[in-house]
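**Student:** Got a predicted structure here, sequence first:
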Amino acid sequence: MAAPRAPIVQRATPPAAGAARKTGGKPGSWQGGVQQGLAGLPFEDQADTLQPSRGSNKLPTAVVHPGLLELQSGRFRPASQATAQRPAQATGPAAAATPAAPARSETGIASRVALDRFSTAARGLTAEWATLDANARGQKLGTAANAELTAAQVPSTVVQIKPLPTNDGEFGFSGWTLDLNETLFARPTIVPPLLASVADTVYHEARHCEQWYRMAQLEAGKGKDGTAIAQALSIPKRIGDLAAAAPLGAETADGRQARTWYDSIYGANATTRNATLNDMAAKSLELRAALTTYQADQAAYEGLPAAATAEAKQAAYDKAMASYAIWQRLNGEYDVLYRAYRALPEEADAWATGGAAGDTMRATP
């Protein structure tokens, strides 16, 4: 049976078959309820403080949902498409509380030893940054992540620094590639906190790579050969063959963890997961449209001439408040879906692992 594909959440262009991603701030993690960001936004990244110069009524501030900032239109791909990605990080006020951080697993590249090694290697890029071009910078971080994958006995990825219209990074499991947005590496200089955020994105995607390989090993533990594994998970046959030679027992710590990812993406919970991703993609478009409408109505109210009648002012105000109410309702509906997305086992784990890498870099001078 055809394998369900991982979502492309922007950090998405319609992808080539096969990829995995990240959503969220220390651009890659949330800090103080504000998503710290790296990529550009399709609309204003700071909610306007509305201060009408006409009339006595002041319109409320529309604060953009942090998930919508980081997951711009198209960042979540339909569940039928095969990639897992990390949406571009955006800067803006948070409209809702950040989902609580899950307990972090310490398996594979999430181990303390691996995190420390990766962070040390990534931190060294600060001094070299100005002497390297964007591709070399990205390759350095990708190589550091691949070193940890190799140490965890996971096949390394092909690192590609390329334009990604709306994503910061993608793990393409169908081609076993780690695709990183070239804009992350384009700035001429970088400060340590921002480098930590970029490293978070890279490690998040590397964790997705480990997840897919562990699922492949779990399939091998069921007696499947490389061809059958590749077909079931939509991964390269060479990866399937490697997994077949290193089967994972279902009752081992890695096996139990891999089972939760498999059940979410390909197994019993796949239908619910796909509905969450598809519903969130659709709701994000509605929410963006509602925000645009409210901003237009706000501008119309703010732009009334001094000579406007009280009736005209009231009508413009009422129209703006009606569009605000629609935006507010949709924002709440989107928040429910966003929290469900962040709670998906594979996403909660990748967010925690990437976040731990960024935190490790920040914690060490």
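**Tutor:** Thanks, I have it. Residues are numbered from 1 along each chain as shown.
**Student:** contacts, neighbours, all on C-alpha from now
**Tutor:** OK.
**Student:** Mind jotting down where the helices sit in the stretch 151-300 of the chain?
**Tutor:** Taking DSSP state H, counting those that start in this stretch, the helices of the stretch 151-300 of the chain run over residues 192-220, 226-233, 237-244, 253-265, 270-302.
**Student:** okay if I get those helices as CSV plus mean neighbour count and mean pLDDT?
**Tutor:** As requested, these are exported to CSV (neighbours: other Cα atoms under 10 Å; pLDDT from 0 to 100):
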stretch, mean neighbour count, mean pLDDT
helix 192-220, 27, 96
helix 226-233, 21, 98
helix 237-244, 22, 98
helix 253-265, 20, 95
helix 270-302, 20, 94
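**Student:** between the ones you listed, which gets nearest to residue 126?
**Tutor:** Checking the helices of the stretch 151-300 of the chain against residue 126 by Cα to Cα gives helix 192-220 as the closest, at 6.6 Å.
**Student:** surely residue 135 meets residue 184?
**Tutor:** No - contact criterion Cα atoms under 8 Å: residue 135 and residue 184 do not qualify, at 10.1 Å.
**Student:** and these two? which has more neighbours close in?
**Tutor:** Counting neighbours by other Cα atoms under 10 Å for residue 135 and for residue 184 shows that residue 184 has the greater number, 22 against 17.
**Student:** Hmm, that one is touching residue 198, no?
**Tutor:** Yes - using Cα under 8 Å, residue 184 makes contact with residue 198 at a distance of 6.9 Å.
**Student:** Can you lay out the helices of the stretch 151-300 of the chain as a markdown table showing distance to residue 177?
**Tutor:** Output for the helices of the stretch 151-300 of the chain, formatted as a markdown table (distance: least, Cα to Cα, whole Å):
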| stretch | distance to residue 177 |
| --- | --- |
| helix 192-220 | 9 |
| helix 226-233 | 15 |
| helix 237-244 | 12 |
| helix 253-265 | 19 |
| helix 270-302 | 22 |
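**Student:** These: which one's closest to residue 332?
**Tutor:** Nearest to residue 332, of the helices of the stretch 151-300 of the chain and by Cα to Cα, is helix 270-302 at 9.7 Å.
**Student:** gap between that closest one and the chain center?
**Tutor:** On the basis of Cα atoms, centre = their mean, to the nearest Å, helix 270-302 sits 18 Å off its chain's mean C-alpha point.
**Student:** what helix or strand is residue 361 on?
**Tutor:** helix 345-363 (DSSP states H and E).
**Student:** buried residues in that helix?
**Tutor:** Applying a neighbour-count criterion of 16 or more other Cα atoms under 10 Å, one finds 345-362 buried in helix 345-363.
**Student:** what pLDDT, on average, does it get?
**Tutor:** Averaging pLDDT along helix 345-363 gives 95.
**Student:** now that helix and helix 253-265, what's the angle there?
**Tutor:** Here the directions of helix 345-363 and helix 253-265 differ by 120 degrees (axes from the mean of the first three to the mean of the last three Cα atoms, to 10 degrees).
**Student:** contacting residues for the most far-flung residue of the chain relative to its centre?
**Tutor:** Of all residues in the chain, residue 307 has its C-alpha farthest from the mean position, at 48.5 Å, by Cα atoms, centre = their mean. Neighbour list for residue 307: empty [criterion: Cα atoms under 8 Å, 6 or more residues apart in numbering].
**Student:** Can you tell me the element it falls in?
**Tutor:** Using DSSP H and E, residue 307 falls outside every helix and strand.
**Student:** Give me the phi and psi angles of it.
**Tutor:** The phi/psi pair for residue 307 (degrees, to the nearest 10) reads phi -80, psi 0.
**Student:** Tell me the confidence at it?
**Tutor:** 95.
**Student:** What distance do you get for it to residue 271?
**Tutor:** 57 Å (Cα to Cα, to the nearest Å).
**Student:** ditto for residue 182
**Tutor:** Taken as Cα to Cα, the span from residue 182 to residue 271 is 34 Å.
**Student:** Check residue 341 too.
**Tutor:** 13 Å.
**Student:** Likewise for residue 334?
**Tutor:** For residue 334, the distance to residue 271 equals 19 Å [Cα to Cα].
**Student:** do residue 156 as well
**Tutor:** In this structure, residue 156 and residue 271 are 30 Å apart, going by Cα to Cα.
**Student:** Ramachandran coordinates for residue 155?
**Tutor:** Main-chain dihedrals, residue 155, degrees, to the nearest 10: phi -60, psi 130.
**Student:** Who are the contact partners of the closest residue to it other than its chain neighbours?
**Tutor:** Nearest residue to residue 155 in three dimensions, chain neighbours excluded: residue 149, at 6.7 Å (Cα to Cα, 6 or more residues apart in numbering). With contacts defined as Cα under 8 Å, 6+ apart, residue 149 is in contact with 108-109, 155-156, 206, 210.
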